[in-house]
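A.B. asks: test case, fold it:
(4 chains)
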There are 2 protein chains.
Amino acid sequence: MKAVEGSDGTADEVALETIHHELTSFARRARASAGRMHPELSLVSYTLLGHLEESGGCRATDLAVHYALDKSTVSRQVTALERAGLVERRADPDDNRGQLLHLTPAGTAALARVTERRREAFRARLADWSADDLARFAEYLVRYNAAAAARDGRTD
Amino acid sequence: MKAVEGSDGTADEVALETIHHELTSFARRARASAGRMHPELSLVSYTLLGHLEESGGCRATDLAVHYALDKSTVSRQVTALERAGLVERRADPDDNRGQLLHLTPAGTAALARVTERRREAFRARLADWSADDLARFAEYLVRYNAAAAARDGRTD
DNA sequence: ACTACTCGTTGCATAGTACAAGCGGCCGTC
DNA sequence: GACGGCCGCTTGTACTATGCAACGAGTAGT
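C.D. replies: Just a heads-up that it's a prediction; the model follows:
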């Protein structure tokens, strides 16, 4: 990694720069390898399915807002997921404009499969970490993401 | 975040699942916001410029191998960066097949600008962290990325 | 009703990427 | 020193993901 000789060069500055560099590196790698590593489900599709599972069903607009995606993008993704038999659309009894999206059993199964594969990859990478380190790393990530989400005006 | 009651529900399993979830969330957000947050330089362009700065100049093939990109992708990215005046090609005195890529002063400046903007965003998100937490978070990220890179067969 | 807003789809444009073909230079072997 | 094979790079083609704009259909306030 690049150790920056910041204007003041405090330990905080070095840590900050390292975090910046490593997260950038991670983001690039995740993007590059997502397709090859998880051919069954793209990162976005995976996330959308995950949200449907967590939320127990929601509208396409909700997904678009939540993930800062254009509604057309979500529309197309959902269309693909529906063609693949992973989600189904149900009429919204309160609003005929929209549809409520739900996972199908096949969608639930596909999500579980990919989650398990992803989790295995993480498990392998973190195999030799101590319990304390794992717990602290998890806590830091939650904290970081919460701050990032707050600044992005989102809620996840 | 989703707190999973894993099959055995040990603290390690919970931490692992949290790490999985949070890193996935981060990757998705980074991808979605990269274009809007940093219109001057895409994530890949940014990374390529960064590598040129760190390495002090290298060949296109080196970039392709290092970042697991197709050589054609790198070729086009480099062409765009050259058109933008951010990199220049120099003849390799040892091999007329290839070119050595170098940052131009404008490239160095653009990289510094985007780095500064990115760093500011990170700084804001991490503003209220203690020095110990920053240092540990940085250490964890380095450690995680090293493991991920090793499994991906790369070197950064 | 009329207007304004919302939800979703579709047409277009763009960026990023991979794969394959090809061009030209380099380096062995014979 | 010619040749075959490898290497670095570019170009053609196709595909995916994405955004913006326009639109159709439905809802809600007045």
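A.B. asks: any idea of the mean pLDDT for the helix or strand containing A:R31?
C.D. replies: A:R31 belongs to helix A:11-37 when assigned by DSSP states H and E. Averaged across helix A:11-37, the pLDDT comes to 81.
A.B. asks: what's the first helix or strand after it?
C.D. replies: helix A:43-55.
A.B. asks: does DNA strand D sit close to that following helix?
C.D. replies: Yes: using CB under 7 Å from any atom of the strand, helix A:43-55 reaches DNA strand D at A:44-45. Yep, even glycine has a C-beta here, placed from its N, CA and C like the rest.
A.B. asks: what residues of the helix holding A:R31 count as buried?
C.D. replies: A:12-34 (16 or more other CB atoms under 10 Å in any protein chain shown).
A.B. asks: which residues does the spatially most central residue of chain A contact?
C.D. replies: For chain A, the residue nearest the mean C-alpha position is A:T47 (5.0 Å; CA atoms, centre = their mean). Contact analysis of A:T47 by CB atoms under 8 Å, 6 or more residues apart in numbering or on different chains lists A:67, B:24-25, B:28.
A.B. asks: ok, these vs B:R125, which is closest?
C.D. replies: B:R125 lies nearest to B:S25 out of the contacts of A:T47, by CB to CB, at 13.7 Å.
A.B. asks: ok, that closest one touching A:A146?
C.D. replies: No: taking CB atoms under 8 Å as the definition, B:S25 is not a contact partner of A:A146, at 10.2 Å.
A.B. asks: near DNA strand C too, which of the buried residues of helix A:11-37?
C.D. replies: When contact is defined as CB under 7 Å from any atom of the strand, these meet DNA strand C at A:31-32.
A.B. asks: A:A64 belongs to a helix, doesn't it?
C.D. replies: Yes: secondary structure of A:A64 (DSSP: H, G, I helix; E, B strand; the rest coil): part of a helix.
A.B. asks: buried set for stretch A:43-59?
C.D. replies: So for stretch A:43-59, counting by 16+ other CB under 10 Å, buried means A:43-53, A:57-59.
A.B. asks: now the angle from the helix or strand of chain A with the lowest mean pLDDT to helix B:43-55?
C.D. replies: Of all helical and strand segments in chain A, the minimum by mean pLDDT, DSSP states H and E falls on helix A:11-37, at a mean of 81. Interaxial angle, helix A:11-37 versus helix B:43-55 (axes from the mean of the first three to the mean of the last three CA atoms, to 10 degrees): 130 degrees.
A.B. asks: helix A:11-37 near chain B at all?
C.D. replies: Yes: contact of helix A:11-37 with chain B (CB under 8 Å from any CB of the partner chain) involves A:11-12, A:14-20, A:22-34.
A.B. asks: just stretch A:114-128 next, same as before
C.D. replies: Yes: under the criterion of CB under 8 Å from any CB, chain B is reached by stretch A:114-128 at A:115, A:118-119, A:121-126.
A.B. asks: out of the residues you listed, give me the one that has the most neighbours.
C.D. replies: A:L126 (22 neighbours; other CB atoms under 10 Å in any protein chain shown).
A.B. asks: how much space is there between that one and A:Y67?
C.D. replies: 26 Å (CB to CB, to the nearest Å).
A.B. asks: now do the SS call for A:A150.
C.D. replies: Taking three-state DSSP, the label given to A:A150 is helix.
A.B. asks: on the pLDDT front, check it for me.
C.D. replies: 71.
A.B. asks: quick check: residues of chain A near DNA strand C?
C.D. replies: Counting by CB under 7 Å from any atom of the strand, chain A sits next to DNA strand C at A:31-32, A:59-62, A:71-72, A:75-76, A:78-79, A:89, A:95, A:97-99.
A.B. asks: thank you, goodbye.
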